[in-house]
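Asks: Attaching a predicted model along with its sequence, questions to come.
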Amino acid sequence: MFQNFFHLTKRFWFSLKPQELSEKDLNWVRSHLSESEFAYWEKLSTADKDHSFRVAKQAESEIGEQGKEFMAAALLHDIGKLESRFTTFGRVFATLWCLFFPFRKMEKWEERTKGLRRRLIDYAKHPELGAELLKGIDSKQQTIAWVLEHHSEREKWETPKEIAEILSSSDKE
Ligand SMILES: [Fe+2]
Ligand SMILES: [Fe+2]
């Protein structure tokens, strides 16, 4: 948990001063996504775009040759966060909440259609929401699989282990 906490603290400081990506970096992102995937990716907050770009860049040297769908997975893994629409501080709150408050205790809020609890549920479910969103466009099965399982335990990964390890450790950098 402490490693996770360290990673989240680092993410928080980065998210206070998110980098706007250069035109060159945006073109790089575009080249790894379909048109509709890119249209959704563009809607992410500056901090989430910056994070996804770093994850994909970090993973590129090791998985770049093995398939565009895995690079798309690196770029889109947190796309489900579009649903919860939190600002930076809201995201930190939501992340800490999800870290200390078991999801099963939140399940009773599932019927809510709006409000903070609805948004916390959506935040906690960002892997499922992201996978659903990508199923509705033209994403590849391997991309959807990693988006869905990127916070799951290793034993449940469907993504080939060596690729999943790279994607997971890039997400923790
Ligand atoms: Fe995530
Ligand atoms: Fe992430």
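Replies: Looks like it came in fine. Ligands and ions are numbered 1, 2, ... in the order given.

Asks: Could you tell me how far Lys105 is located from ligand 2?
Replies: Distance, Lys105 to ligand 2, by CB to the ion, to the nearest Å: 23 Å. Backbone N, C-alpha and C define where each C-beta goes, glycine included.

Asks: List the residues that contact the residue nearest the centre of the chain.
Replies: Centroid-nearest residue in the chain: Asp78, 1.6 Å away (criterion: CA atoms, centre = their mean). Asp78 sits next to Leu44, Asp48, His51, Ser52, His126, Gly130 when contact means CB atoms under 8 Å, 6 or more residues apart in numbering.

Asks: out of the residues you listed, who has the most neighbours?
Replies: Comparing the contacts of Asp78 by number of neighbours (other CB atoms under 10 Å), Gly130 comes first, having 26 neighbours.

Asks: what's the closest non-adjacent residue to that one?
Replies: Take Gly130 and drop its neighbours on the chain: the residue closest to it by CB to CB, 6 or more residues apart in numbering is Gly80, 3.0 Å away.

Asks: Look at the one you found and tell me its secondary structure.
Replies: For Gly80, the assignment made with DSSP: H, G, I helix; E, B strand; the rest coil gives helix.

Asks: Checking Glu111 next. Helix, strand or coil?
Replies: Using three-state DSSP, the secondary structure recorded for Glu111 is coil.

Asks: report the longest helix in this structure, please.
Replies: helix 46-63 (DSSP state H).

Asks: what's the nearest residue to Trp146 once chain neighbours are set aside sitting at in phi/psi?
Replies: Distance criterion CB to CB, 6+ apart; nearest residue to Trp146, sequence neighbours excluded, is Ala73 at 3.7 Å. Phi and psi for Ala73, reported as degrees, to the nearest 10, are phi -60, psi -40.

Asks: This completes my enquiry, with thanks.
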